[in-house]
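Undergrad: Okay, here's the prediction I keep looking at, along with the sequence it came from:
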Amino acid sequence: DAGVTQSPTHLIKTRGQHVTLRCSPISGHKSVSWYQQVLGQGPQFIFQYYEKEERGRGNFPDRFSARQFPNYSSELNVNALLLGDSALYLCASSLGLFFFTDTQYFGPGTRLTVL
Amino acid sequence: DAKTTQPNSMESNEEEPVHLPCNHSTISGTDYIHWYRQLPSQGPEYVIHGLTSNVNNRMASLAIAEDRKSSTLILHRATLRDAAVYYCILRDNTGNQFYFGTGTSLTVIP
C-alpha cells in the first residue's frame, strides 16, 4: 500500500512569494495534519483537518492556511514568504476516529528554502 | 498542552538494551503517552503508545510510572537502524494538537 505522499520534494522560493504544498494521505485515512520542522528542532504542529473541516491550529500566523479536499488530500499554502519559513514541511495522515490514540503516518516532507 | 522533558542525547552499544526516559509531570488523567522516532532524512514514525499500563509491541516496550509523571521507552536490543531522534508526546482526548518537543538523539555504537 502506498504511504503518505508529498509534493514537491524540494522547493526554492524568494521572500514575498507564495507557495503551495500538497499531500495525499493513506487510502482510508480521513485526517491530515501539517507540521513545520526547522533544522535541529522537533516538528511544530500547524494544522489538522478531519473530514474537510479544520480541527486544530497551532501557533502560526495567518499567512499559513490549508484545506482538505473531498478525496482527503490536502494543500498547505504560505503567503508572503519569510526567510524563517525555510524548513521541512511534513504531512501526516491518520484514520481520525479516536484522536487521542490515533497513529499518525508521516510523509517524507517537502524541503522549502526561502532566499 | 502538557509538555514533556527528555535528555538531548544518549548513546548505546549495539545489541544492548536502551532505556529512553521522559518526564511529563503535568500530565492529566486522560493524556495518552505516545512515542515516535525520526530516522535521518525521514518523517517521524510511530513507535508505541499507552495510558496507564506498560505496553509491548514488536518495536519496543513502554514502561509508565505509577503516578504517570514519567515513562521510559525500552529498546530491548539496539541496532544501528535504531539510531534516530526519539520523541515523547502527550495527546489529550481532544487530540487536535501534537507537541513533539526536541526529543532524544540516540546514537548506537557498533
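TA: Received it, and whenever you're ready, just let me know what you need.

Undergrad: and the spatially most central residue of chain A, what element?
TA: With distances taken as CA atoms, centre = their mean, residue A:34 lies nearest the centre of chain A, 2.8 Å away. Following DSSP states H and E, one finds residue A:34 within strand A:31-37.

Undergrad: which helices and strands does that strand pack with?
TA: Using 3 or more CB pairs under 8 Å, 6 or more residues apart in numbering or on different chains; DSSP states H and E, the elements in contact with strand A:31-37 are strand A:44-50, strand A:74-78, strand A:87-94. Yep, even glycine has a C-beta here, placed from its N, CA and C like the rest.

Undergrad: Of all those, which one is nearest residue B:83?
TA: strand A:87-94 (18.7 Å; CB to CB).

Undergrad: all strands for chain B, in order.
TA: Applying DSSP state E to chain B gives strands spanning B:9-13, B:18-23, B:32-38, B:45-50, B:55-56, B:61-64, B:70-75, B:84-91, B:104-109.

Undergrad: that older thread, please name the nearest non-neighbouring residue to the residue nearest to the centre of chain A.
TA: residue A:46 (4.3 Å; CB to CB, 6 or more residues apart in numbering or on different chains).

Undergrad: Tally up the residues packed near that neighbour, please.
TA: 22 (other CB atoms under 10 Å in any protein chain shown).

Undergrad: For it, give me its contacts.
TA: A:33-36, A:57-58, A:60, A:64, A:66, A:76 (CB atoms under 8 Å, 6 or more residues apart in numbering or on different chains).

Undergrad: try 6 Å this time
TA: Contact analysis of residue A:46 by CB atoms under 6 Å, 6 or more residues apart in numbering or on different chains lists A:34, A:36, A:58, A:60, A:64.

Undergrad: Distance-wise, check the last one relative to chain B.
TA: Okay, so that is residue A:64. 15 Å (CB to the nearest CB, to the nearest Å).

Undergrad: Bridged to that residue, which residues?
TA: Beta-bridge partners for residue A:64, by DSSP bridges, are residue A:78.

Undergrad: returning to what we had before: quick one: closest of the strands of chain B to residue A:14.
TA: Going by CB to CB, the one of those nearest residue A:14 is strand B:32-38, 29.0 Å.

Undergrad: surely residue A:26 meets residue A:93?
TA: Yes - using CB atoms under 6 Å, residue A:26 is in contact with residue A:93, at 5.1 Å.

Undergrad: contacting residues around residue 72?
TA: Went with chain A since none was named. Applying CB under 6 Å, 6+ apart, the residues contacting residue A:72 are A:25, A:30.

Undergrad: look at chain B instead
TA: B:19, B:21, B:63.

Undergrad: Those into a markdown table, with extra columns for neighbour count, pLDDT and distance to residue B:73?
TA: A markdown table is the format used below for those (neighbours: other CB atoms under 10 Å in any protein chain shown; pLDDT from 0 to 100; distance: CB to CB, whole Å):
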| residue | neighbour count | pLDDT | distance to residue B:73 |
| --- | --- | --- | --- |
| B:19 | 12 | 97 | 8 |
| B:21 | 15 | 97 | 8 |
| B:63 | 16 | 97 | 8 |
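
Undergrad: which one of those residues is nearest chain A?
TA: Closest to chain A out of those is residue B:21 (16.6 Å), distances taken as CB to the nearest CB.

Undergrad: Skipping its backbone neighbours, what lies nearest that closest one in space?
TA: Using CB to CB, 6+ apart, the closest residue to residue B:21 is residue B:72 (5.3 Å).

Undergrad: Appreciated, that's everything.
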